[in-house]
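Trainee: My questions concern the predicted model and sequence given below.
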Amino acid sequence: MSMLRTPFKAISLSFKSAPVEIRELIYLPEEVCKSLLRQVREVLGIEEALIFSTCNRTEVYYVSEEDHTDELIKLLCIAKGIEKPLSHKKYFRCFSEDQDAINYLFEVSMGLESNVLGDLQISSQVKNAYAWSHELGMAGAFLHRLMHTIFHTNKRVQQETPFRDGAASVSYASAELASELVNGILNPTALVIGLGEMGRDVAKNLDLDAFARVDLCNRTRSKAEELALEIGVGVVSFEQVFERLHTYDVVISAVTAEQPMFTCPMFEENHPGMQFVLDLSMPRSIAADVEELSHVVLYNVDDIHSRTNQVMQRREAAIPQVKSIIQEEVI
């Protein structure tokens, strides 16, 4: 079957090709992505382009007869104040054939190329990037059709395969487990302690409708207050948390500590029912003997990983289905 060829190309820097220190260096906030879109048009004469950047990848897709790999890498690096930009070229994958670039964007958008297979966040990140291109007049007929086909493919993957079923990261799985555990408890409460990357992700992914109250706690109170304001929950100071642990139905700890910070006496005050404790810290922040308390059920990182491993097996088994749907939609 012959297909109309469109000169579509891409460059990609991802966790598969670049260490975290390089990804951090080249990470582009939203305003920088938009600024680069303007430069791509003004400097290189490219009329259709898509640019987005996450902690795991920075991507540029564009329509052009010419290969602008070197110029795009230079623009990216100059925008971040990086000297000798082409010394970073080795970290990029370059797609100069239209079908390769198209297939790659489909696979990225479905989560096939994500650090967490089937990651849902990448779909919204790609959608945001498309909105920026549209806003700046850099989404023409080809990009419109391509992106709407990708959105349709996403729906098919969601509806026709188990590829997105379940929580596949520790933070998502922990948030999901917390909601399951309080099912049937009257006015359940939850506390998230430690707001590094893991703790923040758990807090953001909690189903707030499942709880009567959710509180956040962090050594630096301002960090807890900022996130609490963003998601609409409460705050407990780090100094108070030790004497209040026993008042919550679910306690999720993602604190960084060399020794367990939370011990049996902190959980031994009368609690009206079962108390569920999730220790996501490494090393562990909750003493192992807390599990021996009759009213406490303790989950550690290995317990959460066993849930995510089962999900990952189902997702990996669904990859051929996803790729088959992609090929149908590409055609």
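Mentor: Right, received. Where do you want to start?

Trainee: Next, find the distance separating residue 143 from residue 49.
Mentor: Counting by C-beta to C-beta, to the nearest Å, the gap from residue 143 to residue 49 is 8 Å. Every residue, glycine included, has its C-beta placed from N, CA and C.

Trainee: Overlap in contacts, the two.
Mentor: Residues touching both residue 143 and residue 49 (C-beta atoms under 8 Å, 6 or more residues apart in numbering): 63, 133.

Trainee: the more surrounded of those two?
Mentor: More crowded of residue 143 and residue 49, by other C-beta atoms under 10 Å: residue 49, with 26 against 22.

Trainee: residue contacts, the more buried one?
Mentor: Residues in contact with residue 49 (C-beta under 8 Å, 6+ apart) are 37, 40, 41, 60, 61, 62, 63, 133, 138, 143.

Trainee: swap the cut-off to 10 Å and go again
Mentor: Counting by C-beta atoms under 10 Å, 6 or more residues apart in numbering, residue 49 touches 9, 36-37, 40-41, 60-64, 68, 72, 129, 132-133, 136, 138-140, 143.

Trainee: what's it sitting at in phi/psi?
Mentor: Backbone torsions for residue 49, taken as degrees, to the nearest 10, come to phi -160, psi 160.

Trainee: Quick check, central residue of the chain?
Mentor: Residue closest to the mean C-alpha point of the chain, counted by C-alpha atoms, centre = their mean, is residue 121 at 5.0 Å.

Trainee: Now it: closest residue in space that isn't a chain neighbour?
Mentor: Nearest non-adjacent residue to residue 121, counting by C-beta to C-beta, 6 or more residues apart in numbering: residue 54, 7.6 Å away.

Trainee: now do residue 18
Mentor: Sequence neighbours aside, residue 91 is the residue nearest to residue 18 in space, at 3.9 Å (criterion: C-beta to C-beta, 6+ apart).

Trainee: neighbours of the one you found, just the number please.
Mentor: The number of residues packed around residue 91, counting by other C-beta under 10 Å, is 18.

Trainee: Now the lengthiest helix in the chain: buried residues?
Mentor: Ranked by residue count under DSSP state H, the longest helix found in the chain is helix 301-330. Neighbour counts using 16 or more other C-beta atoms under 10 Å place 301, 304, 307-308, 311-312, 314-315, 318-319, 322, 325-326, 330 of helix 301-330 among the buried residues.

Trainee: export these to a markdown table and tack on distance to residue 238 and pLDDT?
Mentor: As requested, those are exported to a markdown table (distance: C-beta to C-beta, whole Å; pLDDT from 0 to 100):
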| residue | distance to residue 238 | pLDDT |
| --- | --- | --- |
| 301 | 22 | 80 |
| 304 | 24 | 81 |
| 307 | 29 | 72 |
| 308 | 29 | 73 |
| 311 | 33 | 77 |
| 312 | 34 | 81 |
| 314 | 39 | 85 |
| 315 | 37 | 87 |
| 318 | 43 | 93 |
| 319 | 43 | 94 |
| 322 | 44 | 95 |
| 325 | 48 | 96 |
| 326 | 47 | 96 |
| 330 | 52 | 93 |
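
Trainee: export the residues you listed to JSON lines and tack on distance to residue 98?
Mentor: Listed next are the buried residues of helix 301-330 as JSON lines, based on distance: C-beta to C-beta, whole Å:
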{"residue": "301", "distance to residue 98": "44"}
{"residue": "304", "distance to residue 98": "42"}
{"residue": "307", "distance to residue 98": "40"}
{"residue": "308", "distance to residue 98": "36"}
{"residue": "311", "distance to residue 98": "34"}
{"residue": "312", "distance to residue 98": "32"}
{"residue": "314", "distance to residue 98": "33"}
{"residue": "315", "distance to residue 98": "28"}
{"residue": "318", "distance to residue 98": "27"}
{"residue": "319", "distance to residue 98": "23"}
{"residue": "322", "distance to residue 98": "21"}
{"residue": "325", "distance to residue 98": "20"}
{"residue": "326", "distance to residue 98": "15"}
{"residue": "330", "distance to residue 98": "11"}
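
Trainee: what distance separates the strand or helix carrying residue 78 from the middle of the whole chain?
Mentor: Using DSSP states H and E, residue 78 sits within helix 69-79. Relative to the chain's own centre, helix 69-79 is displaced by 26 Å; criterion: C-alpha atoms, centre = their mean, to the nearest Å.

Trainee: Paired strands for whatever helix or strand comes next after that helix, with orientation please.
Mentor: Helices and strands here follow DSSP H and E; after helix 69-79, the next one along the chain is strand 93-95. Using DSSP bridges, the strands paired with strand 93-95 are strand 8-14 (antiparallel).

Trainee: What are the boundaries of the helices in this protein?
Mentor: 20-26, 30-44, 69-79, 98-110, 121-135, 141-160, 170-181, 197-205, 221-231, 238-244, 264-267, 301-330.
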